[in-house]
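*Asks:* How does the following fold in three dimensions:
(one chain, ligands or ions: 1)
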Amino acid sequence: MSLYTLQGAVAVITLDHPPVQALSHALRARLLQALTAAQADAAVRAIVLTGDARAFSAGADVSEMGTPLQTAEPRLDQLLATLEGAAKPVVAALAGVALGGGLELALACHARVALEGARVGLPEIQIGLIPGGGGTQRLPRLVGLPTALEMMQSGQARTARSLADSGLFDRVVADDLVPAAATVALRQAEAGAPWPLARDRQPEAAAVRFLVDTARARLQPRQRLQSAHTALLDALAAVADPFEAGLARERALFLGLVASPQARALRYLFKAEREVVKLPAALQVPPRPVDRVAVIGAGTMGTGIAISALDAGLGVLLLEQAQEALAAGVQRIHAHYSSRVAAGKLTTARAGEALARLTATLDWAALAQVDLVVEAVFEDLAVKQAVFQRIDAHARPGAVLATNTSYLDIDGIAAATGRPADVLGLHFFSPAQVMKLLEVVQGQATAPEVLTTGMALGQHLGKLPVRCGNAFGFIGNRIYNAYRRQCEFILEDGAWPEEVDQALTGMGFAMGPFAVADLSGLDIAWRMRQAQATSRDPRERYVPILDGLCERGRLGRKTGAGYYVYTDGQAAPATDATVRDLIEQARAARGGTPQALAAETIRRRALLAMVNEAALLLAEGVATRASDIDVVLVQGYGFPRWEGGPVFWARQQDPVALADELATLVAAAGFGARQGDLRVLLV
Ligand code: NAI
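*Replies:* This is a model prediction of the structure:
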């Protein structure tokens with residue numbers, strides 16, 4: 001096989017490791033060989049490096065990560081040094097994606113030419129790392145520190161079009177990529193050595209320091225908790241130093257991160273999110289085709305689900321019980337697309353095209369036209385059963401019938417139809433057009449192909465569908481309830497709500513449990529508690545604080561007060577006398593001696609409550625993989641991604657101490673509290 005093709009006096013070296021030209025050891029070796037040969041070839045005046053339409057290179061080869069091949073020679077840094085020192089100019093021609101090591105390869109070339117739609121980025125931060133192939137040193141030298149910082153802090157890829165004037169590219173073209181790159185390369189050859197290199201530019205040290213200090217001061221609290229964010233700024237500060245010193249600094253910081261628990265947690269989730277869609281062999285049956293869906297109920301969830309389906313190119317029928325509610329839902333969907341267009345995220349044509357696929361109706365007979373129905377009406381079993389009876393009367397045979405219920409029994413809903421095998425739960429999260437998590441709930445009668453249709457639809461919508469069994473609250477809400485209940489116990493035992501919230505945001509939760517409760521409204525939980533009042537055993541530990549708040553009209557943010565008092569939407573930093581009185585009454589009724597609780601104690605108790613519920617869910621088969629539980633908590637409940645999720649957290653702890661702590665916690669929860677067997681998840 002030839003190492004390159006000659007196009008006139010230009011050697012075109014093509015990176016060839018489909019599908020995305022991952023920089024495996026074999027590809028690095030071939031590249032080095034081709035570069036060496038092209039430099040020795042008297043017929044070659046200049047060199048172009050390119051990939052294919054899909055990818056220049058997507059970076060490191062994940063399948064070689066952690067194996068000796070990853071660091072076998074030639075390493076990426078050696079390849080880059082060869083490029084920089086080449087006797088003939090080398091120009092990178094980028095189409096498709098150039099990410100991580102792939103972009104770093106291009107940064108070491110003497111020029112870069114890209115197709116407008118090419119996407120480039122340094123996504124290392126997303127797996128708890130910083131670029132380790134010179135990216136932190138070369139990118140700022142080409143595009144300036146602010147743009148480089150933005151790209152590396154977000155880890156998001158950007159189009160070449162949006163970076164056309166950034167200094168990253170010598171040319172951005174609409175087509176004829178390789179000829180354009182060859183022209184640039186030949187021009188450089190004619191101009192003669194030295195060829196331009198990022199490393200030869202030296203930014204002013206004072207300016208670098210100022211920008212890095214500013215960025216450090218601006219780090220968000222959640223970024224400060226992540227070592228990759230601080231390491232990134234340390235590496236950028238080294239741009240003020242001579243290039244080789246900067247590279248050495250980057251390398252040291254990179255190696256320090258690779259083995260860190262945070263990077264391990266993020267790699268674990270990266271893998272867990274790919275596994276989540278895999279089903280056991282017995283369930284791997286082809287899904288039913290879905291082109292048109294109906295959404296019943298045009299409220300908060302129904303409109304979000306409709307938008308998500310429209311965005312994915314599906315036809316959507318929106319069905320309501322009343323004209324006013326239907327019009328309001330349609331109006332919300334239109335407002336969504338208008339705001340996307342106004343923000344420049346969508347063209348008017350694309351928005352119009354999506355809206356053209358939306359039909360709004362009050363006519364149930366229209367259900368006969370769809371392949372799948374998602375019900376999102378009020379959370380009430382009787383209401384949902386009545387709705388499913390009507391669906392059953394109108395939907396065509398073979399249509400998949402889904403409910404977006406948060407807690408209700410899927411089998412109870414399916415029983416309202418004459419076709420329970422076609423029924424499943426599709427539990428979206430709010431806002432449904434944004435949140436990636438989707439719980440796909442299998443009822444007792446759900447047919448395997450109905451389950452796979454739900455999973456396939458989830459993927460088509462760009463979601464992470466997690467299969468779960470039919471149990472109160474499925475995976476996420478069941479664990480969240482156990483966590484929230486433990487946090488209420490913590491109030492009775494001696495901490496104030498703000499101490500609990502701060503302990504948890506202090507480890508990186510997006511919000512604390514009491515701030516979340518105020519945001520979603522306390523009345524939802526209150527209504528559920530009232531519904532369960534008759535079946536609750538009086539011997540169970542029950543914390544009445546939330547009921548007290550609701551009785552006083554404090555339903556959360558929407559009423560201006562819940563656990564916290566809100567002024568202009570801002571929560572007061574501490575809870576007020578009403579809340580403290582209610583808590584003190586609850587403490588007195590319980591009869592214990594309240595004690596101050598350290599933040600670490602609060603955190604461990606809250607996490608352990610989650611871990612215990614995770615163990616129970618696994619034992620009951622509601623969750624099939626321990627890592628699925630972590631995906632659910634991270635994607636749906638604000639659990640800090642860099643901590644990996646409750647199961648990953650538990651696995652980092654001393655198992656004996658953890659089991660002891662759990663036994664104490666379960667004993668304190670009193671009558672009816674169940675203790676899971678931690679061995680099911682500590683494997
Ligand atoms: P919502 O109150 O905003 O919307 C419900 C809509 O259903 C209303 O527009 C109502 O007019 C309509 N509706 C009620 N009965 C109907 C009937 N018989 N036929 C047709 N339409 C009818 O409620 P939301 O928040 O959208 O919740 C809907 C479902 O989604 C509930 O089961 C809820 O538990 C679940 N859910 C809610 C989440 C949330 O964060 N709000 C998250 C995940 C699930």
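*Asks:* switch to C-alpha atoms for all contacts and neighbour counts from now on
*Replies:* Will do.
*Asks:* Got the phi and psi for residue 108?
*Replies:* Main-chain dihedrals, residue 108, degrees, to the nearest 10: phi -90, psi -10.
*Asks:* repeat for residue 516
*Replies:* The phi/psi pair for residue 516 (degrees, to the nearest 10) reads phi -60, psi -40.
*Asks:* How many residues are close by it?
*Replies:* Taking other CA atoms under 10 Å as the criterion, the count of residues near residue 516 is 17.
*Asks:* Please give me every residue in contact with the residue nearest to residue 631 when sequence neighbours are not counted.
*Replies:* Among residues not flanking residue 631 along the chain, residue 273 sits closest, at 6.5 Å (CA to CA, 6 or more residues apart in numbering). By CA atoms under 8 Å, 6 or more residues apart in numbering, the contact list for residue 273 reads 464, 628, 631.
*Asks:* got a winner among those for most neighbours?
*Replies:* Result: residue 631 is most packed of the contacts of residue 273 (other CA under 10 Å), 27 neighbours.
*Asks:* you'd agree that one is in a strand?
*Replies:* No - secondary structure of residue 631 (DSSP: H, G, I helix; E, B strand; the rest coil): helix, not part of a strand.
*Asks:* what about residue 449, how many residues close to it?
*Replies:* Residue 449 has 18 neighbours, counted by other CA under 10 Å.
*Asks:* Need the contact partners of whichever helix or strand it is part of.
*Replies:* Element membership of residue 449 [criterion: DSSP states H and E] is helix 448-460. For helix 448-460, the external contacting residues (CA under 8 Å, 6+ apart) are 277, 283-290, 312, 400, 421-424, 426, 438, 440-442, 464-467.
*Asks:* Quick check on these: which are buried?
*Replies:* Buried subset of those (neighbour count, 16 or more other CA atoms under 10 Å): 277, 287-288, 290, 400, 421-424, 426, 438, 440-442, 464-467.
*Asks:* Of those, which are in range of the ligand?
*Replies:* Cross-checking these against the ligand (CA under 6 Å from any ligand atom) gives no overlapping residues.
*Asks:* Go ahead and name everything in contact with the helix or strand that contains residue 207.
*Replies:* Here residue 207 sits within helix 205-218, counting by DSSP H and E. With CA under 8 Å, 6+ apart as the test, helix 205-218 has contacts from 145, 146, 230, 233, 236, 237, 239, 240, 241.
*Asks:* Let me see the contact set for the third one.
*Replies:* Counting by CA under 8 Å, 6+ apart, residue 230 makes contact with 216, 223, 224.
*Asks:* okay, it: pLDDT?
*Replies:* pLDDT for residue 230: 98.
*Asks:* circling back: quick check: of the contacts of helix 205-218, which lies closest to the ligand?
*Replies:* Using CA to the nearest ligand atom, residue 230 comes nearest to the ligand of the contacts of helix 205-218, at 34.3 Å.
*Asks:* any idea how far the closest one is from residue 509?
*Replies:* Separation of residue 230 from residue 509 (CA to CA, to the nearest Å): 19 Å.
*Asks:* Would you mind listing which of the contacts of residue 230 are buried?
*Replies:* When the contacts of residue 230 are checked for burial by 16+ other CA under 10 Å, the buried set is residue 216.
*Asks:* What is the nearest of the contacts of residue 230 to residue 351?
*Replies:* Of all the contacts of residue 230, residue 223 has the smallest distance to residue 351: 34.2 Å, by CA to CA.
*Asks:* ok, back up a step: could the contacts of residue 230 go into a markdown table alongside distance to residue 450?
*Replies:* Below are these laid out as a markdown table (distance: CA to CA, whole Å):
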| residue | distance to residue 450 |
| --- | --- |
| 216 | 50 |
| 223 | 41 |
| 224 | 44 |
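*Asks:* Serialize the contacts of residue 230 to a markdown table and add fields for distance to the ligand and pLDDT.
*Replies:* Below are the contacts of residue 230 laid out as a markdown table (distance: CA to the nearest ligand atom, whole Å; pLDDT from 0 to 100):
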| residue | distance to the ligand | pLDDT |
| --- | --- | --- |
| 216 | 35 | 98 |
| 223 | 27 | 97 |
| 224 | 29 | 97 |
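*Asks:* out of the contacts of residue 230, who's nearest residue 268?
*Replies:* Nearest to residue 268 among these, counting by CA to CA, is residue 223 at 19.4 Å.
*Asks:* and the one helix or strand residue 602 maps to, what does it pack onto?
*Replies:* Counting by DSSP H and E, the element that carries residue 602 is helix 599-620. Counting contacts by 3 or more CA pairs under 8 Å, 6 or more residues apart in numbering; DSSP states H and E, helix 599-620 is packed against helix 476-493, helix 497-505, helix 626-636, helix 646-651, helix 655-669.
*Asks:* nearest residue to residue 680 other than its sequence neighbours?
*Replies:* Using CA to CA, 6+ apart, the nearest residue to residue 680 is residue 615, at 6.3 Å.
*Asks:* Could you measure from that neighbour over to the ligand?
*Replies:* Residue 615 sits 24 Å away from the ligand, taking CA to the nearest ligand atom, to the nearest Å as the criterion.
*Asks:* confidence score at that residue?
*Replies:* pLDDT at residue 615 comes out at 98.
*Asks:* same check, this time on residue 564
*Replies:* Predicted confidence (pLDDT) for residue 564: 97.
*Asks:* Equivalent analysis for residue 167, please.
*Replies:* The score at residue 167 is 97. That number is its pLDDT.
*Asks:* With the one 4 residues further on instead?
*Replies:* As predicted, residue 171 sits at a pLDDT of 98.
*Asks:* okay, now it: neighbour count?
*Replies:* Residue 171 sits with 20 neighbouring residues when counted by other CA under 10 Å.
*Asks:* ditto for residue 135
*Replies:* Neighbour tally, residue 135, other CA under 10 Å: 27.
*Asks:* just residue 531 next, same as before
*Replies:* Number of residues near residue 531 (other CA under 10 Å) recorded here: 11.
*Asks:* How far off centre is the strand or helix carrying it?
*Replies:* According to DSSP H and E, residue 531 maps onto helix 522-532. Mean-position distance between helix 522-532 and its chain equals 30 Å (CA atoms, centre = their mean, to the nearest Å).
*Asks:* Same check on stretch 640-651?
*Replies:* Between the centre of stretch 640-651 and the centre of its host chain there is 14 Å, according to CA atoms, centre = their mean.
*Asks:* Need the distance between the two termini of that stretch.
*Replies:* Stretch 640-651 has its terminal residues 16 Å apart, counting by CA to CA.
*Asks:* mind listing the strands for the stretch 301-450 of the chain?
*Replies:* 315-319, 358-361, 372-375, 400-403, 423-428, 437-442 (DSSP state E, counting those that start in this stretch).
*Asks:* Direction included, what does the fourth one pair up with?
*Replies:* The one in question is strand 400-403. strand 372-375 (parallel), strand 423-428 (parallel) (DSSP bridges).
*Asks:* Next, format the ones you listed as TSV and append distance to residue 174 and mean pLDDT.
*Replies:* Below are those laid out as TSV (distance: least, CA to CA, whole Å; pLDDT from 0 to 100):
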stretch	distance to residue 174	mean pLDDT
strand 372-375	40	98
strand 423-428	39	98
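*Asks:* Let me know which of those is tucked in deepest.
*Replies:* Highest mean neighbour count among the strands paired with strand 400-403 (mean count of other CA atoms under 10 Å): strand 423-428, with a mean of 29.
*Asks:* Show me what stretch 547-560 is in contact with.
*Replies:* 517-523, 526, 561-567, 569, 579, 582.
*Asks:* Return the set of buried residues in it.
*Replies:* Buried residues in stretch 547-560, defined by neighbour count with 16+ other CA under 10 Å: 547, 548, 549, 550, 554, 555, 556, 557, 560.
*Asks:* Pull that stretch out as CSV, backbone CA atoms only.
*Replies:* Extracted as CSV, the C-alpha positions of stretch 547-560 are listed here (Å, rounded to 0.1, in the frame of the first residue of the first chain):
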residue,chain,number,x,y,z
ASP,A,547,-46.9,19.3,55.9
GLY,A,548,-46.6,22.2,58.3
LEU,A,549,-45.2,24.4,55.6
CYS,A,550,-48.0,23.5,53.2
GLU,A,551,-50.7,24.1,55.8
ARG,A,552,-49.3,27.6,56.2
GLY,A,553,-49.6,28.2,52.4
ARG,A,554,-45.8,27.9,51.9
LEU,A,555,-45.7,25.8,48.8
GLY,A,556,-42.3,26.8,47.6
ARG,A,557,-41.0,29.5,45.2
LYS,A,558,-44.4,29.9,43.4
THR,A,559,-45.9,31.2,46.7
GLY,A,560,-42.9,33.2,47.6
